[in-house]
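Visitor: what follows is a protein structure lacking sequence information:
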C-alpha cells in the first residue's frame with residue numbers, strides 16, 4: 001500500500017506500551033513500525049534474540065507482544081524462526097492448517113546478536129531461502145550487558161571494552177557493513193533504514209521485506225541513549241544526523257540492484273553526528289581533529305562506493 005501516515009497510525013499496535021525499554025531507545029520504535037507493516041488480517045510469529053528488546057518486553061508471565069513470540073538464545077534467533085517457518089510450510093502442504101489470513105515469520109536481534117554471535121545462524125537461514133524477515137536493530141554495541149564493543153561499533157567510539165583515555169582513542173576498527181554481506185547471499189531483498197521524520201522509509205521497507213517471497217534482511221539504526229550518551233528527547237535528531245551526514249545511508253537492494261533512497265542536498269560533516277554523542281566526546285577535547293578527519297574520509301569513501309554500486313546496477 002502507498003504510505004499514508006493517517007492510515008498507518010490507525011493500524012493496530014502489535015507491541016503494547018508498558019514494556020521496560022529505556023526512554024529514547026530506538027529498538028521499540030523500530031519494532032512498532034515494522035509490525036505496523038503487517039496486514040491486519042495476517043498473523044506473525046516473532047523470535048527475538050536475548051538482548052535489551054527481549055528482556056524488556058517479555059518477563060514471564062508478562063509480555064508486550066500481541067503476536068506469537070519466541071525468546072531464543074543470543075546466537076540463534078534466525079535459526080529458530082527459520083525452523084518455525086519450515087514446520088509451518090510442511091503443515092500447510094499437508095493440509096493440517098486451517099486459518100484466516102497468512103502467517104509471517106520475523107526475527108529481531110541487536111547488533112551483538114546479529115553482526116557477531118548470531119551471524120552463523122543468520123547466514124544459514126538466508127542461504128537456505130526461508131520465507132522470513134530478519135530485522136537487526138543496530139545500536140552499535142552490546143548494550144544489555146554493559147555497553148561492550150561489537151563489530152557494529154563505530155571507529156573511535158568509547159565503550160566499556162574500548163575505553164577512551166590517555167593510551168586509547170576508543171575502538172580501533174571500522175564497523176562491519178552487514179547489509180553488504182547479506183547482499184552477497186543473493187537474497188531477494190536487503191535494506192538499510194532508520195527512524196526519521198514520519199518513518200515512511202522504515203515502513204515501506206518493512207512492508208516490502210515482509211511481503212517479498214523468500215528471505216529478507218533489514219538493518220535499522222536504533223540509537224541507544226545510555227550507550228551513545230544523548231538526551232532521550234534527542235532521538236530523532238540523532239537519527240537524522242546519521243542519515244544527513246551519510247554515516248548511515250538509506251538504501252535497498254532488490255534482486256541485487258542497489259537503490260539509494262535518500263541523497264542529502266547538503267551533506268553534513270560527520271562531526272555534527274559525532275558531537276551529539278557522549279561516546280565521541282574525547283575526539284573534540286584533546287586536539288584529535290585528525291581522528292575526526294579520518295572518520296570523515298571513511299564515511300565519504302563508503303558513500304561514494306554505494307553511489308557507484310547504484311550507478312552500475
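Guide: Happy to help now that I have it. The model shown is predicted, which means the values in this text are computed figures rather than measured ones.

Visitor: who does the host helix or strand of residue 192 pair up with?
Guide: Element membership for residue 192, per DSSP states H and E: strand 189-194. Paired strands of strand 189-194, with direction, are strand 216-221 (parallel), strand 251-254 (antiparallel) (DSSP bridges).

Visitor: now, of these, which is deepest in the fold?
Guide: strand 216-221 (a mean of 26; mean count of other CB atoms under 10 Å). For the C-beta atoms, the positions are set from N, CA and C on the backbone; glycine is no exception.

Visitor: quick one, the helix or strand harbouring residue 32 and strand 216-221 angle?
Guide: Assigned by DSSP H and E, residue 32 belongs to helix 27-36. If you take axes from the mean of the first three to the mean of the last three CA atoms, to 10 degrees, helix 27-36 sits at 150 degrees to strand 216-221.

Visitor: buried stuff in helix 27-36?
Guide: Neighbour-count burial for helix 27-36 flags 27-36 (criterion: 16 or more other CB atoms under 10 Å).

Visitor: do the same with stretch 169-188
Guide: 169-171, 175-183, 185, 187-188.

Visitor: and for residue 103, nearest residue in space, chain neighbours not counted?
Guide: Distance criterion CB to CB, 6 or more residues apart in numbering; nearest residue to residue 103, sequence neighbours excluded, is residue 43 at 4.9 Å.

Visitor: ok, the one you found - contacts?
Guide: Residues in contact with residue 43 (CB atoms under 8 Å, 6 or more residues apart in numbering) are 67-68, 99, 101-104.

Visitor: looking at these, which are in helices?
Guide: If you go by DSSP state H, these have nothing in helices.

Visitor: from those, which would you call buried?
Guide: 67, 103-104.

Visitor: most widely separated two among the buried residues of stretch 169-188?
Guide: 169 and 188 (40.6 Å; CB to CB).

Visitor: is it correct that residue 248 is in contact with residue 194?
Guide: Yes - the criterion here is CB atoms under 8 Å, and residue 248 meets it with residue 194 at 5.8 Å.

Visitor: show me the shaky parts of the protein.
Guide: In the predicted model, the chain carries pLDDT under 70 at residues 1.

Visitor: strands of that one, residue ranges please.
Guide: 43-49, 58-59, 62-63, 68-72, 103-110, 133-138, 189-194, 216-221, 251-254, 257-260 (DSSP state E).

Visitor: what is the last one packed up against?
Guide: In this structure, strand 257-260 makes packing contacts with strand 251-254, helix 289-312, judged by 3 or more CB pairs under 8 Å, 6 or more residues apart in numbering; DSSP states H and E.

Visitor: now render these as JSON lines, adding distance to residue 242.
Guide: As requested, the helices and strands packed on strand 257-260 are exported to JSON lines (distance: least, CB to CB, whole Å):
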{"stretch": "strand 251-254", "distance to residue 242": "14"}
{"stretch": "helix 289-312", "distance to residue 242": "10"}
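
Visitor: what's the closest of the ones you listed to residue 283?
Guide: Nearest of the helices and strands packed on strand 257-260 (CB to CB): helix 289-312, 5.4 Å.

Visitor: strand 189-194 and that closest one, what's the angle between them?
Guide: 140 degrees.

Visitor: for residue 151, see how far away residue 195 is.
Guide: 22 Å (CB to CB, to the nearest Å).

Visitor: these two: which is more packed in?
Guide: Neighbours were counted for residue 195 and for residue 151 using other CB atoms under 10 Å; residue 195 has more, 23 against 17.

Visitor: if we can go back for a sec, tell me which of the buried residues of stretch 169-188 is nearest to residue 313?
Guide: Closest approach between those and residue 313, by CB to CB: residue 183, at 11.4 Å.

Visitor: how close does the closest one get to residue 227?
Guide: From residue 183 to residue 227 the distance is 27 Å (CB to CB).

Visitor: now do residue 15
Guide: Distance from residue 15 to residue 227, by CB to CB: 21 Å.

Visitor: thinking again about what came up before, need the residues touching each of residue 248 and residue 194.
Guide: 221, 242.

Visitor: between the two, who's got more neighbours?
Guide: Taking neighbours as other CB under 10 Å, residue 248 and residue 194 compare with residue 194 leading, 26 against 21.

Visitor: which residues touch residue 79?
Guide: Residue 79 touches 72, 121, 124-125, counting by CB under 8 Å, 6+ apart.

Visitor: try it again at 6 Å.
Guide: Residues counted as contacts of residue 79 (CB atoms under 6 Å, 6 or more residues apart in numbering) are residue 121.
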